[in-house]
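Asker: generate coordinates for the sequence data below:
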Amino acid sequence: MDLSKLIDQYHDKDTLADLDASETQVFVDLLILTILIDGEITEDELEGLATQWSQLPFAGDSHLEDLVGEQGFETREWLEKNIDDKSAIHDFIVAKAEKLERDEVKLAALRMVAVVALADGVDAAEENLAHAFGRALGYTDEEVSSIVEDVLSTDGSLEEDS
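Answerer: Here you go, the predicted model:
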């Protein structure tokens, strides 16, 4: 799977490059949650994480990378302790969604979760995360399903082109 083509397909690169500090923190936290949610970290997920990570505003700025890295470490530590607490994870997802106000950022965040979560195939925990996050952003389950299906169908067409 070529995730950079998938990201370009949705034109999220410009949106990701225009995130403010608070939005960037939300994206980092969501990336970490998406990787950890199913209890296993695959090479495809790590590739997806690296691809998405490289498009966030701090990429290439060593000072910002350090700050975000520290936050990411703290987030991962918290998530690893609480990943089995459905209520805590729900509250985490809602808190992250509430920090995103711009519609294009909300959509890019949801697509990012879908792209990274589905990088290694469809898993119930990852699909549930996409739906929970989508609902927290104000999308209906039907809208989230459509976005997830769009990611899956685009992914398949990219693999056929390879």
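Asker: run through the protein and note the low-pLDDT ranges.
Answerer: 1-12, 40-69, 119-120, 122, 155-162 (pLDDT under 70).
Asker: can you pull out the helices in the protein?
Answerer: 3-9, 12-17, 21-36, 43-54, 62-82, 86-98, 103-117, 124-137, 141-161 (DSSP state H).
Asker: tell me the most buried of these?
Answerer: Among the helices of the chain, the stretch with the highest mean neighbour count (mean count of other CB atoms under 10 Å) is helix 103-117, at a mean of 23. Where you see a C-beta, it was placed from the backbone N, CA and C, and this is true even at glycine.
Asker: what is that one packed up against?
Answerer: Using 3 or more CB pairs under 8 Å, 6 or more residues apart in numbering; DSSP states H and E, the elements in contact with helix 103-117 are helix 3-9, helix 12-17, helix 21-36, helix 43-54, helix 124-137, helix 141-161.
Asker: one more pass at 10 Å, please.
Answerer: helix 3-9, helix 12-17, helix 21-36, helix 43-54, helix 86-98, helix 124-137, helix 141-161 (3 or more CB pairs under 10 Å, 6 or more residues apart in numbering; DSSP states H and E).
Asker: let's see that helix as CSV, backbone CA atoms only.
Answerer: The C-alpha trace of helix 103-117 is given here as CSV (Å, rounded to 0.1, in the frame of the first residue of the first chain):
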residue,chain,number,x,y,z
ASP,A,103,-14.4,21.2,9.2
GLU,A,104,-11.5,20.4,6.9
VAL,A,105,-9.3,19.5,9.9
LYS,A,106,-12.1,17.3,11.4
LEU,A,107,-12.4,15.4,8.0
ALA,A,108,-8.6,15.1,7.6
ALA,A,109,-8.3,13.8,11.2
LEU,A,110,-11.0,11.2,10.6
ARG,A,111,-9.4,10.1,7.3
MET,A,112,-6.1,9.9,9.0
VAL,A,113,-7.5,7.6,11.6
ALA,A,114,-9.1,5.5,8.9
VAL,A,115,-5.9,5.4,6.7
VAL,A,116,-3.6,4.4,9.6
ALA,A,117,-6.1,2.0,11.3
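Asker: quick check, Val116 in contact with Glu126.
Answerer: Yes. Val116 lies in contact with Glu126 (CB atoms under 10 Å); the separation is 8.5 Å.
Asker: I'm done for today, thanks for sticking with me.
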